[in-house]
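> sequence-free structure coming up:
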């Protein structure tokens, strides 16, 4: 059994983790359990978002959380200009200056060779677009993350198109170009590897040299040149083989790729909106089960990291109204807002906002019923019962 506190307070571990976590909103998985048996995930100290920009600050945070037995440390893809309040952490539109573009390779330890091949596929595609020195990877325990350093996209590009639109489009563009190769690798190895675009606002990623939340392995960083020699034994916490050069980047190296990605994809969730509009206007049979866009049955789900409730843009995409509803309920379950605040948000959205977003009448009717159902839950059920409903939907 590993001694988590002794491991996490090693000088090298503190240095590597804090270097990655600087400017990011931190999440910490602890060994201490909640009353229902789930691991405790800490994101705030009282009302202040967790943060650490130096080894000393991270050591102080670990010491403060010591009674909860901290084990795994995560940081957001977002890098913030300010992190002092809950509102700062949830202000994705105005307070996020950069984002670390990331692809999550979801795999299993026994298929590590196939995982490496998928990672190599992403790396090779990026290299064709001139992105190489700013690329780094992590073996997190069960799979891999492929990252592009946040400074590889110039500030001028981010300001021109928007941080969220650039980073999400970049991840999606690469994903769409490598999916056939991933399918071939799965066939070759008999694996079921998935590569996902996790660039929505609330995602967090394991910090370099953090422990895995349940496996006794360290999250090690690699550069593309390490892939050929990588072995799972490198993740041994007693002697991790870790490449400190993950920090290396070339500013602007990913600009050409970013411009092409925004051109092809159109920005954060824009493609799905365009497809929906086409589906509503062409004379061919509708693409969706419900031609208006929304499925006839929607199961609301719990979001562990809900987005900000302020300034949400819902125009033309009814699924954004569904995600807003899920985030309102999730904020309530997490204790971020009161029951009265949640009901007030829902009532205002149902009575006014939904009718002004350019949705079809059918979609408005579906959404109104959905919001009415959520208001009924809030007035009739306990917080624990609502949490159970949402999480049952997530697992179904």
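Perfect, thanks for sending it. Just so we're clear, the structure is a prediction, and the values are computed from it rather than from any experiment.
> pLDDT-wise, which helix or strand of this protein ranks last?
The element with the least model confidence among the helices and strands of the chain, by mean pLDDT, DSSP states H and E, is helix 270-281, at a mean of 38.
> Following element in sequence after that helix, please.
Counting by DSSP states H and E, the element after helix 270-281 in chain order, helix or strand, is helix 318-333.
> Tell me which stretches of the stretch 101-250 of the chain form strands.
Per DSSP state E, counting those that start in this stretch, the stretch 101-250 of the chain carries strands over the ranges 101-106, 135-139, 144-148, 194-197, 204-206, 220-222.
> which one of those lies closest to residue 11?
strand 220-222 (16.7 Å; CB to CB). In short, each C-beta sits where N, CA and C put it, glycine included.
> need the next SSE after the closest one, C-terminal direction.
helix 255-265.
> helices or strands next to that next one in the packing?
If you count contacts as 3 or more CB pairs under 8 Å, 6 or more residues apart in numbering; DSSP states H and E, helix 255-265 packs onto helix 155-161, helix 163-189.
> Quick one: residues in contact with that helix.
Outside of helix 255-265, the residues that reach it under the criterion CB atoms under 8 Å, 6 or more residues apart in numbering are 126, 129-131, 153-154, 157, 161, 165-166, 168-170, 172-174, 271.
> quick check: angle from that helix to helix 163-189?
Calculated by axes from the mean of the first three to the mean of the last three CA atoms, to 10 degrees, helix 255-265 forms an angle of 90 degrees with helix 163-189.
> didn't residue 213 look like it was pressed against residue 71?
Yes - counting by CB atoms under 8 Å, a contact exists between residue 213 and residue 71, whose distance comes to 6.1 Å.
> and the residue nearest to residue 47 when sequence neighbours are not counted, what is it in contact with?
In space, residue 47 comes closest to residue 86 once its chain neighbours are excluded; the distance is 6.0 Å by CB to CB, 6 or more residues apart in numbering. By CB under 8 Å, 6+ apart, residue 86 lies in contact with 44, 47, 49, 336.
> how far away is the third one from residue 1?
What that stands for is residue 49. For residue 49, the distance to residue 1 under the criterion CB to CB, to the nearest Å works out to 31 Å.
> and those two? which has more neighbours close in?
The neighbour count for residue 49 versus residue 1, taken as other CB atoms under 10 Å, is higher for residue 49 (21 against 4).
> Nearest residue to that one in space, ignoring adjacent ones along the chain?
The shortest distance from residue 49 to any residue other than its chain neighbours is 4.2 Å, reached at residue 89 (CB to CB, 6+ apart).
> Pull the contacting residues for that neighbour.
Taking CB under 8 Å, 6+ apart as the contact definition, residue 89 lies against 25, 43, 49, 80, 83.
> Tell me the one of the residues you listed nearest residue 67?
Sorting the contacts of residue 89 by how near they are to residue 67, with CB to CB, puts residue 43 at the top with 16.8 Å.
> so which helix or strand takes in residue 363?
With the criterion set as DSSP H and E, the secondary-structure element containing residue 363 is helix 361-380.
> Wasn't the residue nearest to residue 49 part of a helix?
Yes - under the criterion used here (DSSP: H, G, I helix; E, B strand; the rest coil), residue 89 sits inside a helix.
> So it versus residue 166, what's the distance?
Between residue 89 and residue 166 the distance, using CB to CB, works out to 21 Å.
> now do residue 225
Going from residue 225 to residue 166 by CB to CB gives 27 Å.
> ok, these two, which is more surrounded?
Legend: neighbour count by other CB under 10 Å for residue 225 and residue 166, higher for residue 166 (29 against 11).
> these two touch, right, the more buried one and residue 158?
Yes - applying CB under 8 Å as the test, residue 166 and residue 158 come out as touching, 5.6 Å apart.
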